[in-house]
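In: Here is my input; please provide its structure:
(one chain, ligands or ions: 3)
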Amino acid sequence: MKTKKIDNLDDFLGTVLIPVFETSIKNLKPIKFNDIEVSSKVFYGKKDSCYIVEKNDIIYIFIGLGKELDYKSLKTILRRISFKEKESFSSKVVLNIPNEFTDDQVEATVSGLLLGTYSLGHYKNQEEHPFLNLDFELRVLSKIDFSKTINKAIKIASAQLETLRLVDLPPNKVTPKYLTNWAVDRGAKHGFNVEILGIEESKIHGLGAFLAVGKGSDNEPQFIIMKYSPKEKVGAMKHVGLVGKGITFDTGGLNIKTAGMVHMKCDMAGGAAVFGAMRLIADLQLPIQVTAIVPCAENSVDSKSFLPSDVIKSYSGNSIEIIDTDAEGRLVLADGLSYLIKNYSPEYIVDIATLTGSSVGTFGYECGALFTNNESISKKIQQAGDAIGERLWPLPLWDVYKQDIESDIADVKNYSGKPVAGAISAAKFLEFFTQEHDAWVHLDIAGVAFGDDEFAKSKHATAYGVHLLTKFIENL
Ligand code: BES
Ligand code: MG
Ligand code: ZN
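Out: Numbers count the residues shown, from 1 in each chain. Ligands and ions are numbered 1, 2, ... in the order given. Model prediction:
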């Protein structure tokens, strides 16, 4: 989406979007814009309200914001207008920036408008959103020049749109190889290096936990490694490592799922968040070094599938007893984390995964579970999330929970076998592979990566994590 700053509406014909902060229904003064007056009896800027009026071939869409609003609400309001009122958009659209808008509010507004172009109908014959037309140019009417903020907003939403698509496309399309092709293509386009370990290379490297999960599928697992550093070198840079769960479909394996399997194309949403964040970080040319790993595999049922009670050898050299083949995410992440630490030793590590139903039971669909032994980083990532409406809340990593993953036959087991504290014991399992790294964070996003909202009838992707990871890295 292109944009252009304008200073007035002279000779303009088309659609004008006018965000309005709430006044009061009892206000005697009408809301005025151009030569339009709106009585407060019909519209006074109440949150989630909107008023559309046409005069002299200009369509005015007044958008109620409420009195005070956070980043996410503002973004959602504009996404809704862009998504639901697109029929009222002509080929020319003006966005009026209220004088009181801050940079963050401009960012949320523009990102929201671009996100509103997203539709789940990837396989439907349907018209494209007017904003996606190559000739389209959003005219921005404002006193101040917000072009830097607007460009950033477009980059954020563009990365989120890609993540939405990666998660929502079906698993017969988004296979591990598809994700490899995505990474190689986007790496070349946006500026990060990509290295792929297929099945043979993974065997040579000894990625045994990763390989075990993919054994039951015809779709070859792919261990995707991405490396970013800015084009212009800037002295000593911090080095962040990211690991995202890339299970393109989770049947549960031989411990086959008896509930909710239909949604399990979302099991690569952590990986998709890492992909989106890599694209965004490279687009923004952040002055930081990032190494990201997304171990991609399909957890399927077959005579070749790994078995409950198998003992496998992980990349770290530690043996793992498989109690449940549906606890597969922690296996691919274990090898991802070990490989990252051994070969790249980043200063900070964040892993992100749709890891447990237990985290959904704890926080529902509004908040991801946050695990770390580093309090200052815990605060930083939580603050990054609060600023943009991607909530996180900490759960403990106390050593009393370690007994849940102690095995009689192997160094560790992949499930306690008990229906309690599942998110915590999964985190303890991952911690086992982090070699006491002092700045490791684990995010369990099973509840927030995929859900219901007003933008479709069925559950779909949220792109949770793309902006969160980027903002966290930006603020380090
Ligand atoms: N992919 C699931 C977790 C999940 C649940 C993701 C709901 C998205 C929404 C994960 O691989 C899984 O199956 N976890 C099991 C682990 C159990 C067998 C130890 C779970 O949480 O039930
Ligand atoms: Mg599973
Ligand atoms: Zn899974």
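In: what's the neighbour count on whichever residue of the stretch 351-476 of the chain sits closest to ligand 3?
Out: Nearest residue of the stretch 351-476 of the chain to ligand 3: Thr354, at 6.2 Å (Cβ to the ion). C-beta here means a position set from N, CA and C on the backbone, and glycine is covered the same way. The tally of other residues near Thr354 (other Cβ atoms under 10 Å) stands at 32.
In: ok, now how distant is the closest residue to it other than its chain neighbours from Ile247?
Out: Distance criterion Cβ to Cβ, 6 or more residues apart in numbering; nearest residue to Thr354, sequence neighbours excluded, is Ala446 at 4.4 Å. Applying Cβ to Cβ, to the nearest Å, the value for Ala446 to Ile247 is 12 Å.
In: where do the contact lists of those two overlap?
Out: Thr354 (Cβ atoms under 8 Å, 6 or more residues apart in numbering).
In: between the two, who's got more neighbours?
Out: Ile247 (32 against 27).
In: The more buried one and Val42, how far apart?
Out: Taking Cβ to Cβ, one finds Ile247 at 51 Å from Val42.
In: need the residues of this structure near ligand 1, please.
Out: 250, 266-267, 324, 326-329, 354-358, 360, 415, 422, 446 (Cβ under 6 Å from any ligand atom).
In: By residue count, what's the longest strand in the protein?
Out: As assigned by DSSP state E, the longest strand anywhere in the chain is strand 289-299.
In: So is that one next to ligand 3?
Out: No - using Cβ under 5 Å from the ion, strand 289-299 stays clear of ligand 3, coming no nearer than 6.5 Å.
In: Mind listing what's buried along the helix or strand just after that strand?
Out: Using DSSP states H and E, the helix or strand that directly follows strand 289-299 along the chain is strand 311-313. By 16 or more other Cβ atoms under 10 Å, the buried positions in strand 311-313 come out as Ile312, Lys313.
In: cool, and stretch 408-425?
Out: Result for stretch 408-425 [16+ other Cβ under 10 Å]: buried residues Ala410, Asp411, Val412, Lys413, Asn414, Tyr415, Ser416, Ala421, Gly422, Ala423, Ile424, Ser425.
In: Also stretch 130-142?
Out: For stretch 130-142, by 16+ other Cβ under 10 Å, it's Pro130, Phe131, Phe136, Leu138, Arg139, Val140, Leu141, Ser142.
In: residues touching the residue nearest to Ile445 when sequence neighbours are not counted, list them.
Out: Nearest-residue entry for Ile445: Gly368, 4.5 Å, with adjacent residues in sequence omitted and distances by Cβ to Cβ, 6+ apart. Contact analysis of Gly368 by Cβ under 8 Å, 6+ apart lists Ser359, Gly385, Glu390, Arg391, Leu392, Trp393, Leu443, Asp444, Ile445, Gly447, Val448, Tyr464.
In: Let me know the next secondary structure element after the host helix or strand of Ser376.
Out: Here Ser376, judged by DSSP H and E, is contained in helix 375-388. Under the assignment DSSP H and E, the closest C-terminal helix or strand after helix 375-388 is strand 392-394.
In: Same question for that following strand: list its buried residues.
Out: For strand 392-394, by 16+ other Cβ under 10 Å, it's Leu392.
In: so what strands line up beside it?
Out: strand 368-372 (parallel) (DSSP bridges).
In: Smallest distance to ligand 2 belongs to which residue of the chain?
Out: Relative to ligand 2, the nearest point of the chain is Asp326 (3.8 Å; Cβ to the ion).
In: burial measure for that residue, as a count.
Out: For Asp326, the neighbour count with other Cβ under 10 Å is 19.
In: Please apply the same query to Tyr60.
Out: Counted by other Cβ under 10 Å, the residues lying close to Tyr60 total 21.
In: Next: the one 4 residues further on.
Out: For Gly64, the count of nearby residues is 18 (other Cβ under 10 Å).
In: now it, nearest residue through space, not along the chain?
Out: Excluding its sequence neighbours, the residue lying closest to Gly64 (Cβ to Cβ, 6+ apart) is Ser49, at 3.7 Å.
In: Could I get the pLDDT score of the one you found?
Out: For Ser49, the model assigns a pLDDT of 95.
In: Tell me, how many residues neighbour it?
Out: Other residues near Ser49 come to 17 when the count uses other Cβ under 10 Å.
In: Please tell me how far it sits from Phe62.
Out: Distance from Ser49 to Phe62, by Cβ to Cβ: 9 Å.
In: list the residues that contact both of these two?
Out: Here Ser49 and Phe62 have Phe43 as joint contacts, going by Cβ under 8 Å, 6+ apart.
In: can you give me the helices in the stretch 51-200 of the chain?
Out: Here the stretch 51-200 of the chain has its helices, by DSSP state H, counting those that start in this stretch, at 71-84, 103-115, 147-168, 176-190, 199-205.
In: Can you give me the buried ones in the second one?
Out: The neighbour-count criterion (16+ other Cβ under 10 Å) identifies Gln105, Val106, Glu107, Ala108, Thr109, Val110, Ser111, Gly112, Leu113, Leu114, Leu115 as the buried residues of helix 103-115.
In: what do you get for the first one?
Out: When neighbours are counted by 16+ other Cβ under 10 Å, the buried residues of helix 71-84 are found to be 71-83.
In: that older thread, distance of the residue nearest to the residue of the chain closest to ligand 2 when sequence neighbours are not counted from Gly329?
Out: In this structure, Asp326 finds its nearest non-sequential neighbour in Gly252, 3.9 Å apart by Cβ to Cβ, 6+ apart. According to Cβ to Cβ, Gly252 stands 11 Å off from Gly329.
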